[in-house]
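> Build me a model from this:
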Amino acid sequence: MLRPDIEQFYKEVCEVVCHIPEGKVLTYGDVARLVGYPCHSRLVARALSSLPAGHHVPAWRVVNSQGRTAPCWPQQQALLEVEGVVFRKSGFVDMKACRWQLL
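Residues are numbered from 1 along each chain as shown. Prediction:
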């Protein structure tokens, strides 16, 4: 398995995430695939969690593959709801309605 250059990987993750439109989400795995490292979804999560205060990357638009928000970020759901992201009764994002379809 190829190992990414971490600095370049983080930069590319941020570029992808900045293109996710309002009201849509991607999974950590989606972002990893888009930057060319499909087996590195956890590294995507680490990249987003390490962003400095005051950044302008809409990291709240990235959820896990089931549509679950980050457990240590209670504001994430509110940020998504403001943008019109639909949540199911389970508290997970409705991925059929809100996953950004790139193709």
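
> Was I right to think residue 81 contacts residue 91?
No - between residue 81 and residue 91 there is no contact under CB atoms under 8 Å: 11.3 Å. Using the backbone N, CA and C atoms, a C-beta is placed for each residue, glycine as well.

> got any residues that touch both of these two?
Counting by CB atoms under 8 Å, 6 or more residues apart in numbering, residue 81 and residue 91 have no common neighbour.

> distance of residue 12 from residue 70?
For residue 12, the distance to residue 70 (CB to CB, to the nearest Å) stands at 20 Å.

> Would you list the phi and psi of the spatially most central residue of the chain?
Nearest to the geometric centre of the chain sits residue 62, at 1.7 Å (CA atoms, centre = their mean). Note on residue 62: its backbone torsions stand at phi -120, psi 130 [degrees, to the nearest 10].
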